[in-house]
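**Q** show me the folded form of this:
(2 chains)
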Amino acid sequence: MSQRQSSIKKRVRAVILVASAVVLLVTAAAFVTYEAINFRAQLARSLSTVATVIADNSAAPLAFNNAAVAEEILGTLRADPDIVAAALYDDSGALFAKYPPTLQYELLPPRPEQAGYQFRAGALVVFEPVMQEQRPIGTLYLQSSLRGLYEQFWLYGIIVAAVLFGMLGLAFVLSTLLQRRISDPVLALTQAAQTVTQRGDYSVRATKLTEDELGTLTDAFNRMLSETQENQGRLAEQARLLDLSTDAIIVRDMADNIIYWNRGAEEIYGWTRGEALGKAKHELLQTEFPEPLEQINAKLQRDDRWAGDLVQTRRDGTRIYVSTRWVLDRDAEGIPARVLITDNDITLRKQAEELMKSEANRLDALVEQRTARLQETIGELEAFSYSVSHDMRAPLRAMQGYAKALLSDYDARLDGEAKHYLDRIFRAANRLDLLVQDVLAYSRVAKGEIELMPIDLERLIEDIIAAHPEFQAPNARVVVETRLHRVLGHEAYLTQCVTNLLGNAVKFVAPGLEPEIRIRSERVNGCVRVTFADNGIGIDPSHHERIFQIFGQVYPEKKYGGTGIGLAIVRKAVQRMNGDVGVESRVDKGSRFWLILNEVKYDNN
Amino acid sequence: MTTTNRALLLVEDNEDDVFLMKRALQSARIVNPLRVVEDGQEALDYLGGSGKFADRDQYPLPAVVFLDLKLPFISGHDVLAWIRQQKEFESLVVIVLTSSNEAKDLSRCYSLGANSYLVKPPTPEQLEDLAKAFKWYWLEYNQFEIN
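**A** Here you go, the predicted model:
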């Protein structure tokens, strides 16, 4: 048990013992004093009684001046061993008789004194007048030793001492038992406090042993411990969270000394907390600032914050880029006290950025190069289609021209077969010309940017019919069944689509049947679907995809003509207008071609 | 007033097309003298009267120029541009006769001052129709500036 613990116990016990001892001593003293006074009075009273009796008995011998009788009477005093001396004086004050007879005169008072008793020199003395018929005839002197008194005192002393020690012993035992009621709660508190201070463990609690002030104190102590533990827990949690950060979190004072350094900082810079604390931050990290430090500090003072990129050096000497944010912390008076620094290692990002920059430059160059090459190709393609339209058609015209010239100029000299051959040459040339024109149309539709505009489909179709006799009676019947929606499209492309669809519809019809095309439009999923239903020969479903491919013709050219590019042009054109084209058809059941086009949502017309 | 004696100049490098054009003009019974030059430079020389073209009896200034666009040395566009730059030819009738129906060519020719733009028809019959239409319009109804 420690010094303090024993001390409180000792002190409580000492207090109890001292209090008990004082009470006992005072009680004993009072008792002894009372007994002493009482005993002396009693002694005096008994000696006076003896004196009165002896004086009465001595009156006659004294009156008759008989000293022998007087000494005999005095001799009766032998019964009381305490009476050590006695004397009779006559009325003149001269000694008449004495006891014990051997007593020397010097030990007796020379003359009688005033009646009464008095204590002197360890003895009690009494002077008693000897009366005869109410007249004093002498004086009796008695001297009693105080031996009895002293013996009594000793006895009392021994009793008092015995009682005192007995009582103190009892008090010691009782105090040992009772002091625990006070010291135990205090010791419990003390022990708890020691555990907290020695081990820093705030989870201990003092046991509440009593319901008195000490109990209240224990409660208060425990409550304080709980709060401290909670605070400690919160602080530990916050510290833990700060250490979780992969950013370096550093606090420095205004003299640039590091006063906080989290684990992120340890990882980023390689300096441990113990090494970093107290060091000058900019020196430790050999900070390179993006602008003069004075300017940064001025901004920090003005805005209370600053952010920027720094180059700093790790413990192992490698230089790293960090993105840093400084926040100025002011004290209660508004004076700058600390700077909270959050550093984020952006070395990898910087490297990546640089890599990306160089990569981007390389890609830019590549794109530029490719674009140039593409432009070149496009230019070549354009030149190609230009030359197709000019140069390739010229020989065709020549073939047709010369064939026709032969037929007209040499008509008489040519036989039937020769004329037939010339006719075949003429028609082949004609067909090749159509092909060239369609390929050109397709390539025109496939390239270039177009702008979509609201188009009145009804008028467009009307115009197309008016421009093409083959779509008019009696060659064909085109019926617009519903009001047609206005669509978002490109007029030339849409004209091409409708013309090609109508052209196919009137072309692919069973011999002898009048082509009939029914056109209607409806809203489907926010778009407009325009349907062209014909009474033609139909298309087997297995061919529905192929007919939209270039040269995807499925019917013999000899029978129906055509180049096999028409529907490919339609599909390409519709796609360029963000739409779609499709067909539902079966052999001998007619075909329903549909175009999906965007509807005009907000139109002033 | 008919313009039967005024010359026509055909600028055309393709001899087949020259042949077909001549036949079409004949079929349309156009009797005006036809002169042919085969490239852009020659067209400029003819109109400017330089070299052998200085002889205006043999190479008279034309009332109408049929101009192909795709020509050796100097393109039809450049010939047209040159013509319109000459004070004396600012009102010369120039009819572009080409196989190109590219919108780019069309707009460029009109902006350079072509009087008409014709696409060479694919068949001889159609070319003959064109020649007839030309005759009616340009030679019978159209009034030329007299120079």
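**Q** what's the longest helix in chain B?
**A** Under DSSP state H, the helix in chain B containing the largest number of residues is helix B:15-27.
**Q** how about the following helix or strand past that helix and chain A, touching?
**A** Counting by DSSP states H and E, the next helix or strand C-terminal to helix B:15-27 is strand B:34-37. No - Strand B:34-37 is not in contact with chain A by CB under 8 Å from any CB of the partner chain; minimum separation 15.7 Å. In this view, the C-beta of every residue, glycine as well, is placed from N, C-alpha and C.
**Q** from the contact counts, what lies against strand B:34-37?
**A** strand B:7-11, helix B:15-27, helix B:40-48 (3 or more CB pairs under 8 Å, 6 or more residues apart in numbering or on different chains; DSSP states H and E).
**Q** output those as CSV; include the columns distance to chain A, mean pLDDT and mean neighbour count.
**A** Shown next, in CSV, are those (distance: least, CB to the nearest CB, whole Å; pLDDT from 0 to 100; neighbours: other CB atoms under 10 Å in any protein chain shown):
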stretch, distance to chain A, mean pLDDT, mean neighbour count
strand B:7-11, 15, 94, 23
helix B:15-27, 3, 91, 18
helix B:40-48, 15, 92, 20
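**Q** closest to A:Thr27 out of the ones you listed?
**A** The minimum distance between A:Thr27 and these falls on helix B:40-48, with 154.4 Å, by CB to CB.
**Q** now the angle between strand B:7-11 and the closest one, please.
**A** With axes from the mean of the first three to the mean of the last three CA atoms, to 10 degrees as the basis, helix B:40-48 and strand B:7-11 are set at 160 degrees to each other.
**Q** what does chain B have sitting close to chain A?
**A** B:14, B:16-17, B:19-20, B:23, B:69-70, B:98-102, B:120, B:122-125, B:127.
**Q** so can I have JSON lines of the helices and strands packed on strand B:34-37 showing distance to A:Val160?
**A** Below are the helices and strands packed on strand B:34-37 laid out as JSON lines (distance: least, CB to CB, whole Å):
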{"stretch": "strand B:7-11", "distance to A:Val160": "164"}
{"stretch": "helix B:15-27", "distance to A:Val160": "164"}
{"stretch": "helix B:40-48", "distance to A:Val160": "159"}
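**Q** can you tell me the helix or strand for the residue nearest to the spatial centre of chain B?
**A** Nearest to the geometric centre of chain B sits B:Phe66, at 1.4 Å (CA atoms, centre = their mean). For B:Phe66, the element it lies in under DSSP H and E is strand B:62-67.
**Q** just the CA coordinates of that strand, formatted as CSV?
**A** The C-alpha coordinates for strand B:62-67 follow below in CSV (Å, rounded to 0.1, in the frame of the first residue of the first chain):
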residue,chain,number,x,y,z
PRO,B,62,-18.9,34.9,-133.1
ALA,B,63,-22.4,35.9,-132.1
VAL,B,64,-22.6,32.9,-129.7
VAL,B,65,-19.9,30.9,-127.9
PHE,B,66,-20.6,27.3,-126.9
LEU,B,67,-18.2,26.7,-124.1
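**Q** so what touches the next helix or strand after it?
**A** Toward the C-terminal end, the helix or strand that comes next after strand B:62-67 (DSSP H and E) is helix B:76-85. By CB atoms under 8 Å, 6 or more residues apart in numbering or on different chains, the residues outside helix B:76-85 that reach it are B:11, B:40, B:43-44, B:47, B:65, B:67-71, B:74, B:89-90, B:92, B:94, B:96, B:98, B:108-109, B:112-114.
**Q** any of the residues you listed buried? List them.
**A** Burial by neighbour count, 16 or more other CB atoms under 10 Å in any protein chain shown: within these this picks out B:11, B:40, B:43-44, B:47, B:65, B:67-71, B:74, B:89, B:92, B:94, B:96, B:98, B:108-109, B:112-114.
**Q** how many residues are close by whichever residue of the stretch 51-200 of chain A sits closest to chain B?
**A** Nearest residue of the stretch 51-200 of chain A to chain B: A:Gly200, at 89.9 Å (CB to the nearest CB). Counted with other CB atoms under 10 Å in any protein chain shown, the neighbours of A:Gly200 add up to 8.
**Q** mind listing what the residue nearest to the centre of chain B touches?
**A** Counted by CB under 8 Å, 6+ apart, B:Phe66 has contacts B:8-12, B:21, B:95, B:97.
**Q** pull the longest helix from chain A.
**A** Max-length helix for chain A by DSSP H is helix A:3-63.
**Q** any idea of the mean pLDDT in that helix?
**A** Mean pLDDT, computed over helix A:3-63, is 82.
**Q** so which elements touch it?
**A** Using 3+ CB pairs under 8 Å, 6+ apart: helix A:3-63 touches helix A:67-75, strand A:83-90, strand A:95-99, strand A:116-120, strand A:123-132, strand A:135-145, helix A:147-199.
**Q** now for chain A, the helix or strand with the poorest mean pLDDT.
**A** helix A:557-560 (a mean of 64; mean pLDDT, DSSP states H and E).
**Q** export the helix or strand following that helix as PDB, just CAs?
**A** Using DSSP H and E, the helix or strand that follows helix A:557-560 in sequence is helix A:566-576. Extracted in PDB, the C-alpha atoms of helix A:566-576 (Å, rounded to 0.1, in the frame of the first residue of the first chain):
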ATOM      1  CA  GLY A 566     -32.300   3.600-106.100                       C
ATOM      2  CA  LEU A 567     -33.200   2.200-102.700                       C
ATOM      3  CA  ALA A 568     -29.600   2.500-101.500                       C
ATOM      4  CA  ILE A 569     -29.800   6.200-102.300                       C
ATOM      5  CA  VAL A 570     -33.100   6.300-100.400                       C
ATOM      6  CA  ARG A 571     -31.600   4.700 -97.300                       C
ATOM      7  CA  LYS A 572     -28.500   6.800 -97.400                       C
ATOM      8  CA  ALA A 573     -30.600  10.000 -97.800                       C
ATOM      9  CA  VAL A 574     -33.000   9.100 -95.100                       C
ATOM     10  CA  GLN A 575     -30.200   8.300 -92.700                       C
ATOM     11  CA  ARG A 576     -28.600  11.600 -93.400                       C
END
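**Q** A:Trp306 pairs with what?
**A** A:Trp326 (DSSP bridges).
**Q** okay, now it: neighbour count?
**A** Neighbours around A:Trp306, by other CB under 10 Å: 20.
**Q** for it, which residues are in contact?
**A** A:296, A:299-300, A:325-326.
**Q** turn these into TSV, columns for neighbour count and pLDDT.
**A** Below are these laid out as TSV (neighbours: other CB atoms under 10 Å in any protein chain shown; pLDDT from 0 to 100):
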residue	neighbour count	pLDDT
A:Ile296	16	91
A:Lys299	16	92
A:Leu300	17	91
A:Arg325	14	93
A:Trp326	21	94
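**Q** tabulate the residues you listed (a markdown table), appending distance to A:Ser542.
**A** Shown next, in a markdown table, are the contacts of A:Trp306 (distance: CB to CB, whole Å):
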| residue | distance to A:Ser542 |
| --- | --- |
| A:Ile296 | 77 |
| A:Lys299 | 77 |
| A:Leu300 | 79 |
| A:Arg325 | 69 |
| A:Trp326 | 75 |
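**Q** A:Gly278 is in contact with A:Ile258, isn't it?
**A** Yes - shown here, A:Gly278 and A:Ile258 form a contact pair, counting by CB atoms under 8 Å, at 6.5 Å.
**Q** the more surrounded of the two?
**A** More neighbours surround A:Ile258 than the other of A:Gly278 and A:Ile258, with 22 against 12 (other CB under 10 Å).
**Q** what about the more buried one, which SS state?
**A** strand (DSSP: H, G, I helix; E, B strand; the rest coil).
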